[in-house]
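S.K.: Provided below are the primary sequence and the corresponding predicted coordinates.
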Amino acid sequence: NAGVTQTPKFRVLKTGQSMTLLCAQDMNHEYMYWYRQDPGMGLRLIHYSVGEGTTAKGEVPDGYNVSRLKKQNFLLGLESAAPSQTSVYFCASSASWAGGFYNEQFFGPGTRLTVL
Amino acid sequence: AQKVTQAQTEISVVEKEDVTLDCVYETRDTTYYLFWYKQPPSGELVFLIRRNSFDEQNEISGRYSWNFQKSTSSFNFTITASQVVDSAVYFCALSDHNNAGNMLTFGGGTRLMVKP
């Protein structure tokens, strides 16, 4: 099992360009998440999904869009990149509630994005 | 609103010293879950432990131990006889029971440097 994978690992964009980050998981998890990590601020949730075809906003959703067309994939889009979106982006997945048992999140390796 | 505070941004110790990483949380819920994750220099996030609010027993796993105290809203992490391989950023995180998507609120992280 590959777990959670992210594509690409690194990317440099110019202000105003667009791009899509791909997250894939092979654990049949219902829930998926996108976080950004900035120095001293821990990880902050951008968007999340509790199932195929559903998405919801997290703490810092502005400037990003997401889609979950297939259960195993969760895409994060930047329509018009800004320097403030320079960050490391992590995708994660977890199983849903099962008999009241909370399941931990499994993280991908991260994507380092620089916006010039 | 939930909040996790890791007041120690950086800690430096010499190998074999014991070190405690502090985590203080805020939540209005009576049922919640606490986590510790490790982020080594390679960048991935590694799950270390999950604790629910009903289980106040301390836990020990090898050189790692966790002290959960509801009375002070703290969930501290101690590494005994630290090693160079323990050098990493450590994150404490919180999720409450009324959270449909198992979303996590992270602290800002503590960078631990273990010197030989």
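M.R.: That came through, no problem.
S.K.: got the contact list for A:Tyr31?
M.R.: Applying C-beta atoms under 8 Å, 6 or more residues apart in numbering or on different chains, we find A:Tyr31 in contact with A:Tyr48, A:Ser49, A:Val50, A:Gly51, A:Ser93, A:Ser94, A:Ala95, A:Ser96, A:Gln105, B:Gly101, B:Asn102. Placement of C-beta: from N, CA and C, glycine included.
S.K.: A:Gly42 now?
M.R.: B:Val4, B:Gln6, B:Phe91, B:Phe106, B:Gly107, B:Gly108, B:Gly109 are the contacts of A:Gly42 under C-beta under 8 Å, 6+ apart.
S.K.: do that again at 7 Å, thanks
M.R.: The neighbours of A:Gly42, taking C-beta atoms under 7 Å, 6 or more residues apart in numbering or on different chains as the test, are B:Phe91, B:Phe106, B:Gly107, B:Gly108, B:Gly109.
S.K.: out of the residues you listed, list just those in strands.
M.R.: B:Phe91, B:Phe106 (DSSP state E).
S.K.: which single one of the contacts of A:Gly42 is nearest to chain A?
M.R.: Nearest to chain A among those is B:Phe106, at 3.7 Å by C-beta to the nearest C-beta.
S.K.: I'd assumed B:Val4 was in contact with the closest one.
M.R.: Yes: at 6.2 Å, B:Phe106 counts as touching B:Val4 under the criterion of C-beta atoms under 7 Å.
S.K.: overlap in contacts of those two?
M.R.: With C-beta under 7 Å, 6+ apart as the test, B:Phe106 and B:Val4 both reach B:Ala93.
S.K.: around chain B, pick out the residues from chain A.
M.R.: A:31, A:40-43, A:45, A:48, A:50, A:56, A:58, A:90, A:94, A:102-105, A:107, A:109-110 (C-beta under 7 Å from any C-beta of the partner chain).
S.K.: all strands for the chain, in order.
M.R.: Going with chain A. Using DSSP E, strands in chain A cover A:4-7, A:10-13, A:19-25, A:31-37, A:43-51, A:54-57, A:64-67, A:73-78, A:87-94, A:106-107, A:111-115.
S.K.: actually it's chain B I care about, not the one you picked
M.R.: Going by DSSP E, chain B shows strands at B:3-5, B:10-14, B:19-21, B:24-26, B:32-39, B:46-52, B:59-61, B:64-69, B:74-79, B:88-96, B:105-106, B:110-115.
S.K.: could the strands of chain A go into TSV alongside mean pLDDT?
M.R.: Below are the strands of chain A laid out as TSV (pLDDT from 0 to 100):
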stretch	mean pLDDT
strand A:4-7	96
strand A:10-13	96
strand A:19-25	97
strand A:31-37	95
strand A:43-51	93
strand A:54-57	93
strand A:64-67	97
strand A:73-78	97
strand A:87-94	95
strand A:106-107	93
strand A:111-115	96
